[in-house]
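>>> Sequence first, predicted model second:
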Amino acid sequence: MASPREASFVDQVSRLAETPHAVLRVPATALLHADGTHRLHQYVRAHFKGIKPSLAGTLGKMAIGVLTRSPNSIGDAIAHTSKDIAYHAKVMATMKLLAQFDLARPVLSLSEQEKKILTGMASIAASGHCSYEEWSMFLAQLAWNGGKCHIEPHDGMHGHARHGEIRQLLTQYLNSHYPVHDIVLASAGQRVADAQDEIARTRDMESRKRDATRRVLKEAPAVLNPGAHWMTDEELATAPGYATRKTDTSLLIGVTEGGKAVYYNGHESLMTIGGPGTGKSQAHAVTNLLRYPGSAVVLDVKDDELWKQTAEYRRRRFGPVFRFAPTDFTGSSHGYNPFDFISTDPDRAAHDCFVFSYQTILPNPKAHDPYWENKGRDFVWAYAMLVALEEKGPDRSIETLYRYFMHPIDDEPDSEILAIAQRLVMLGKIHDIPDLEGAGNALQSGIALQSKALESVLDTARSNLSSFAKSMTARRAMSRTDWRPSDLRKHQGATLYICLSADDLKSYGAMIRIMLAQHLAQLQNYSAKPDEPPITFFLDEMPKLGNFQSILNMQDLGRSAGLRLWMFCQYIGQLEQCFFERYKGVIDACRVRSFMRPDGQAYEHIRPALGETRNLFSGERAPLASSSDLMGRAFRDKILVLTSGENPMSLGKVLAYKNYTKRMLPPPTIKPMSRA
């Protein structure tokens, strides 16, 4: 067992290594005077060799002067003595000035490998298996980092006339007398490994496992294989959010080579990227819907695959299921009217309609002239306010909203569009909402002028709402409400399936965005318990929803409200088209990022996280897995899993059609909708 003093020292070093704002600072003399001062003295003398006077020449002149009694030669000898004294004084002064610096390195810059070696060296120093001098030298070289550190002057050197000269000399000396940083790390790693062997021969193995110091030393083999490696079972056991035992919050990610199931229990977002035929739905979506007891929202875009294979089992085992299928011509869909979730209170309605309008007409950061979109969105907001605050019963619907936009521009006193403009002005005055009044006045002015610009603005709004109006099944699906977002909390295990094809998703994207945004708004004002199964959103082909800001908000805010997002897409290029320059941030904000046979663009994104291995003896570097490896036979049935702050995982797929066919029951029957 390590003594309390040993353990305390190692704990201090370990805490230092995990404190981002800490700084590793050592005096430069730790390296300058490592072997005494003789070597440094010689180096400084050589640096000033052009200044040192020639003693032989002066002595020759002096001898001739003595023979000839020349006063000039004797004077030369005196001058030489004076210059020699000045030379040695400058050398000594330089030696002292070199000692007036510290080497400082932020702990934040230490790699995981360096942190492991640092704690390993601390352990063997604390247990007496390396000398104080060896420990001090290692610390100094770790701080020096091959010259990639801050060289900080002492107070006396600030503003010194020779500051720049001495700093440069210090850098040159250390670069020329100490090995490159990789060799320092390799040597220290080997030293830790050798100490581990020595301790193994002298201490009982079981007590060593319980010893905090030895736990660090056990990591020596990984340290000695510098660079990246696949996550080990030991690392998996301590990785935050992961587990090998199922809980009510668990999502199954895959299995290790040893057959252990790997679960994710965290509340942060997940993303799975894989092209067609890679099994992402069967390995992640279907498998988890047949296992997960928490509530779920499912975007089902592949011929109702998720509904058909999982809905009945979830209904029997977990909770009620709802199917929203606005393009199902049989009418087998539950209803959802967005206006049932827009408040009748004017202040709240203004916010609700603002969200509605932004999901209807998405901002396009690359639009050359966003004027038409912005104005169209303003009128969608204003007309939606009119529906929300003035219409009643069945007329409080998207169908009514679209009908407002279909009125032609007509300046007759009894025209429908002029009546709408007047109602907007009156509504704005009654509820003190200047923007409503302004929209009404702008509409009246455009009508009076028979403005083509107004027609273009209204056309922009119509085009984004037209999918609601052109389909009778869509209008029926959005004319009434058969479930509420709160049902997902009220009934743990309840599931909402949003069923439509990938092609229809592009046309009806605004409808789905509005629905999801309203669900998020209704569900986010909640404080989830740590062991409470989060409501998980399984969003297949998520990029087809467009630049969906509410998704990004859910990434940031959903965790504390018990909302978890799992996004699926085929290629990174889809995310780039959807989120523009923010697409990398959307990916990296996900706690768990799974890739199945990644293409070239995906590989370039993940390559830094994969890292490289390096041969300690040859120095040759190679990626942990190449692009051809990940696209080839070896990874055909594998999932590459990346997690911030952890080593990557290579997991086997748990395919639902191979493992859970008995749970795939015929889907429940939904009573066809009627107008009533």
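Okay, I see it. Remember, predicted model here, so these are calculated numbers, not experimental data.
>>> Lys653: what's it in contact with?
Gly254, Gly279, Gln282, Ala283, Met596, Asp637, Lys638, Ile639 (Cβ atoms under 8 Å, 6 or more residues apart in numbering). Every C-beta, even on glycine, is put in place using the N, C-alpha and C of the backbone.
>>> pretty sure the third one is touching Ala656, no?
Pointing back at Gln282 there. Yes. Taking contacts as Cβ atoms under 8 Å, Gln282 lies within contact range of Ala656: 4.9 Å.
>>> neighbour-wise, which of the two wins?
More crowded of Gln282 and Ala656, by other Cβ atoms under 10 Å: Ala656, with 24 against 19.
>>> ok, now how distant is that one from Ile151?
According to Cβ to Cβ, to the nearest Å, Ala656 and Ile151 sit 59 Å apart.
>>> try Leu270
Separation of Leu270 from Ile151 (Cβ to Cβ) stands at 44 Å.
>>> Looking at those two, which one has more neighbours?
Between Leu270 and Ile151, counted using other Cβ under 10 Å, Leu270 has the larger neighbour count: 22 against 17.
>>> any idea how far Met426 is from the more buried one?
49 Å.
>>> and what of Gly254?
61 Å.
>>> Have a look at these two and say which one is more surrounded.
More crowded of Gly254 and Met426, by other Cβ under 10 Å: Gly254, with 23 against 14.
>>> Let me see the contact set for the more buried one.
Applying Cβ under 8 Å, 6+ apart, we find Gly254 in contact with Ala261, Val262, Ala283, Ser594, Ile639, Val641, Met649, Leu651, Gly652, Lys653, Val654.
>>> again with Ile409
Ile417, Gly446, Ile447, Gln450, Ser451, Leu454, Glu455, Leu458.
>>> Can you get me a residue count around the last one?
Right, Leu458. Neighbour tally, Leu458, other Cβ under 10 Å: 24.
>>> Just to check, it is in contact with Gly376?
Yes. Using Cβ under 8 Å, Leu458 and Gly376 qualify as a contacting pair, with a distance of 7.4 Å.
>>> Could I get the contacts of Ile409 in TSV, plus columns for distance to Asp300?
Converted to TSV, the contacts of Ile409 look like this (distance: Cβ to Cβ, whole Å):
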residue	distance to Asp300
Ile417	40
Gly446	42
Ile447	44
Gln450	47
Ser451	44
Leu454	40
Glu455	38
Leu458	34
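>>> of all those residues, which two lie farthest apart?
The most widely separated members of the contacts of Ile409, counting by Cβ to Cβ, are Gln450 and Leu458 (12.8 Å).
>>> Find the residue ranges of this structure scoring beneath the pLDDT cut-off.
1-7, 50-82, 200-227, 367, 614-620, 674-676 (pLDDT under 70).
>>> Domain boundaries for it, per the record?
For the chain, the structural domains run 4-212, 251-336+481-663, 338-476, going by automatic domain parsing.
>>> what about Met92, how many neighbours?
Residue crowding around Met92 was assessed by other Cβ under 10 Å; the count is 12.
>>> Am I right that it falls within a strand?
No. Secondary structure of Met92 (DSSP: H, G, I helix; E, B strand; the rest coil): helix, not part of a strand.
>>> Contacts only, for it.
No contacts exist for Met92 under Cβ under 8 Å, 6+ apart.
>>> again, only this time at 10 Å
Shown in contact with Met92 (Cβ atoms under 10 Å, 6 or more residues apart in numbering): His41, Val44.
>>> Which parts of the stretch 501-650 of the chain are strands?
Assigned strands in the stretch 501-650 of the chain, in chain order: 535-539, 563-569, 592-596, 612-614, 621-623, 638-643, 649-652 (criterion: DSSP state E, counting those that start in this stretch).
>>> for whichever strand or helix holds Tyr263, the distance to its chain's centre please.
Assessed by DSSP states H and E, Tyr263 sits inside strand 261-264. From the chain centre to the centre of strand 261-264 is a distance of 20 Å (Cα atoms, centre = their mean, to the nearest Å).
>>> partners of the following helix or strand past it, with directions?
Next along the chain after strand 261-264, taking DSSP H and E as the criterion, comes strand 270-274. Sheet neighbours of strand 270-274, with direction, are listed as strand 563-569 (parallel), strand 592-596 (parallel) (DSSP bridges).
>>> which residues does Pro623 form a beta bridge with?
Under the criterion used (DSSP bridges), Pro623 bridges to Glu612.
>>> Would you double-check that Cys363 falls in a strand?
Wrong residue type there; residue 363 is Pro, not Cys. No. Assigned with three-state DSSP, Pro363 falls outside any strand and is coil.
>>> For Pro668, which residues are in contact?
Residues near Pro668 by Cβ under 10 Å, 6+ apart: Trp307, Ala311, Glu312, Arg314, Arg315, Arg316, Pro320, Val321, Arg323, Ser332.
>>> try 6 Å
Neighbouring residues of Pro668 by Cβ atoms under 6 Å, 6 or more residues apart in numbering: Ala311, Glu312, Arg315.
>>> about what we covered before: I only care about the contacts of Gly254 that end up buried; give me the ChimeraX line for that.
Here is the ChimeraX command that selects the buried residues among the contacts of Gly254 (16 or more other Cβ atoms under 10 Å):
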select :261,262,283,594,639,641,649,651,652,653,654
